[in-house]
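Undergrad: here is my input; please provide its structure:
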Amino acid sequence: MRERAGTIPGAAFESPPYTPPVNQFADVAAWAPIGLFRVRRDGTFLAANRRLAEMLGYAGTEDLLARNLERDIYFDPAQRRTLLALVEIHGAALRLEARWRTRSGSTIWVELTGHALPDEEGAPAPAFEGLDGLEATAEIQRTAPRPVVLLTAHESPDLVARAGRAGQGGYLVKPTTPEELERTLAIALARFGDLVELRRLNRELSDALASVKMLSGLLPICANCKKIRDDRGYWVAVEVYIMAHTEARFSHGCCPECRQKLYPGMANGG
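TA: Below is the predicted model:
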């Protein structure tokens, strides 16, 4: 018997063509080991898999789908606006951390990756309605700072100044070349790294200054016993006053002159 595609030599039947299950991709998403979901811009769930429901403590996907992502899941809705802003600018938001609220009310930290998908009619809808690129950049820098490069057909001085105030790390005018884009991205990333380091140093300096207390001005001190009068009018030992108003601490000893006066025998070796 002549061999043909789809037949077995010597056999009297043909193997039927393979027809994949209609819901094979839905099944993959449903049993994926990570949480997967799709939502509208207003936070309404369109789909979610079992793993996401388990992560958030819901009995099943039906219970989760009845919730609103922004209102019921996000601990801080501004974090979702940041993700939407990144999707609006770049078409995707990769590995963005957010704090979510579980069904019991406890919070968990999640790492999100989001992509813009067509709406029900197949048309891509803007992820951040009513917010332009500069406003979206300002929102990103306020809630979750990221390096952002502006690609635009305009180059007026006013727009350049506004982009700088919004926190743009780079500015490109269309059309651009791959070399210009690569160079601008490298500079934006380097500037952002410097900014992050500067902010870290400023935080450390602020923390250090917050832990330092300084005494200034005139202190009323007794000419005889050297006690200091505090803000309440009480006279207290100088070390008590200093410890109450600074981070200094005292350890007590005895200077040679006082040792001679108080313990003359010990001072003379007797």
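
Undergrad: how many other residues sit next to the closest residue to residue 219 other than its chain neighbours?
TA: Nearest residue to residue 219 in three dimensions, chain neighbours excluded: residue 228, at 5.5 Å (C-beta to C-beta, 6 or more residues apart in numbering). Just so you know, the C-beta spots here come from the backbone N, C-alpha and C atoms, and that holds for glycine as well. Residue 228 has 19 neighbours, counted by other C-beta atoms under 10 Å.

Undergrad: how about the contacts made by residue 228?
TA: 219, 220, 221, 222, 235, 236, 237, 238, 241 (C-beta atoms under 8 Å, 6 or more residues apart in numbering).

Undergrad: can I get the buried part of these as one PyMOL selection?
TA: The following PyMOL line selects those of the contacts of residue 228 that are buried, judged by 16 or more other C-beta atoms under 10 Å:
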select buried, resi 241
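
Undergrad: following the least confident helix or strand in the chain by mean pLDDT, which helix or strand comes up?
TA: Using mean pLDDT, DSSP states H and E, the weakest-scoring helix or strand in the chain turns out to be helix 24-30, at a mean of 63. Sequence-wise, the next helix or strand beyond helix 24-30 is strand 37-39, with elements assigned using DSSP states H and E.

Undergrad: following that following strand, which helix or strand comes up?
TA: strand 45-48.

Undergrad: and that next one, what does it pack onto?
TA: Counting contacts by 3 or more C-beta pairs under 8 Å, 6 or more residues apart in numbering; DSSP states H and E, strand 45-48 is packed against strand 37-39, helix 61-65.

Undergrad: Provide a list of residues in contact with residue 83.
TA: 93, 96, 98, 112, 114.

Undergrad: any idea how far residue 70 is from it?
TA: From residue 83 across to residue 70, the span is 10 Å (C-beta to C-beta, to the nearest Å).
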